[in-house]
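J.: Pasted the sequence and its predicted model underneath.
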Amino acid sequence: MGRCGAALRLALEGNIAVGKSTFLRLLGRAFPEWRLVAEPVAQWQKVAAGAEEAPGSGNLLQRLYQEPSRWSFTFQTFSCLGRLKAQLERPAGPSAPVRVFERSVYSDRYVFAKNLFETGHLDMLEWAIYQEWHSFLLQELGDRATLHGFLYLRATPQRCLERLQRRARVEERGVQLLYLQQLHTQHEHWLLERSTKVHFADMRHMPILVLDVDGDFEQDAAMQDILMAQVESFVNSLQNKPVPPHPDPF
C-alpha cells in the first residue's frame, strides 16, 4: 500500500497524443493490481442531452475544436468536473495500492485552461471565474483531492503530431503543430520550471518522474521494460512517506 496504508494517487500527464493511453495499457500489464483511470473521452464526444438532439450535437470535444472561443469555458468546466469526480470516486472491490489518473485537475488548469486564456479563447472574466471555483473546490476538498506525484510523458510536439495523425480521431483533424507546441511549453513551464506564480503551495514540491517517450516505445519491448522499471522505482520511493498537511493555495 501507499503512504500510511492509503493508496498512492498519481497523475499521468503529457501532451495530446504523447502516448498516454498506450502507457496506461503498459502499466496495466506490468502492475495488474493498480487501478488505472483513463480520460473520459467518450463522455466528451457524447454529452448526455435531450432526446430531441440531433446526432452528434452533444459532441463537446468537436465543438471545442470547431469554435474554441465559444466552447472553451464549457469544455474546461465539464472536463475538470469529470476529473474531480473520478479522483473522488471510491472504487468498488479490493483497494489498489496505486491509483493512476490520466491527467488531473491541475493540468486542466495549468496547461489547457491557461493556454486557452493566453491564446484568447477564454476571456479575462471566464478565466477569473474558472480560477475562482477551481481554487475554492481544491481548498475545500483538501487531502481528498491531493495527489502524491506525477508521471510526465515527454516527447517533442512533432512526435505527438505524428501519433495524432496515426490515430486519426475525427475531432482532431484540424489540430496543428503550433497548438501542440503551445501545450508542450505549458507542460514544461508547469512541471519542470515550477514557477511559484502558477502553483498551489502543495504543488511546488510535488515529486515528478519525467519519462522520455519520444522513441517508438509502443513497439520496443526493451524500452517498455526500462520505462516500467523507472515507474516502479519512483513508486517505491514514495512508499511510506507521510502526507503533508494541505496548505491554502497561493
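T.: Good, I have the coordinates. Note that this is a predicted model, so its numbers are computed, not measured.
J.: For residue 156, which non-adjacent residue is closest in space?
T.: Residue nearest to residue 156 in three dimensions, not counting chain neighbours: residue 214, with 5.8 Å by Cβ to Cβ, 6 or more residues apart in numbering. Every residue, glycine included, has its C-beta placed from N, CA and C.
J.: how about the one you found, what does it touch?
T.: By Cβ atoms under 8 Å, 6 or more residues apart in numbering, the residues touching residue 214 are 154, 155, 156, 159.
J.: Show only the entries of these found in helices.
T.: Judged by DSSP state H, those include residue 159 as members of helices.
J.: Ranking by neighbours, what's the top pick from the contacts of residue 214?
T.: Counting neighbours by other Cβ atoms under 10 Å, residue 155 leads the contacts of residue 214 with 22 neighbours.
J.: so that one touches residue 213, yeah?
T.: Yes: if you go by Cβ atoms under 8 Å, residue 155 and residue 213 touch, sitting 5.1 Å apart.
J.: Tell me which other helices or strands the longest helix anywhere in the chain touches.
T.: What stands out as the longest helix in the chain, according to DSSP H, is helix 68-88. Counting contacts by 3 or more Cβ pairs under 8 Å, 6 or more residues apart in numbering; DSSP states H and E, helix 68-88 packs against helix 41-45, helix 60-66, strand 98-102, helix 105-107, helix 114-118, helix 124-141.
J.: For residue 236, find the nearest of these.
T.: Among those, the nearest to residue 236 by Cβ to Cβ is strand 98-102 (10.6 Å).
J.: quick one: strands adjacent to that closest one?
T.: strand 8-14 (parallel), strand 35-37 (parallel) (DSSP bridges).
J.: mind checking how far the spatially most central residue of the chain is from residue 69?
T.: The centre of the chain sits closest to residue 103, judged by Cα atoms, centre = their mean, with a distance of 1.3 Å. Using Cβ to Cβ, to the nearest Å, we find residue 103 at a distance of 23 Å from residue 69.
J.: Can you list the neighbours in contact with the helix-or-strand element of the chain with minimal mean pLDDT?
T.: Least confident helix or strand, the chain: helix 41-45 with a mean of 85, by mean pLDDT, DSSP states H and E. Residues from elsewhere that reach helix 41-45 (Cβ under 8 Å, 6+ apart): 59, 60, 61, 62, 75, 78, 79, 82, 171.
J.: Check the model's average confidence along stretch 193-210 for me.
T.: Stretch 193-210 carries an average pLDDT of 72.
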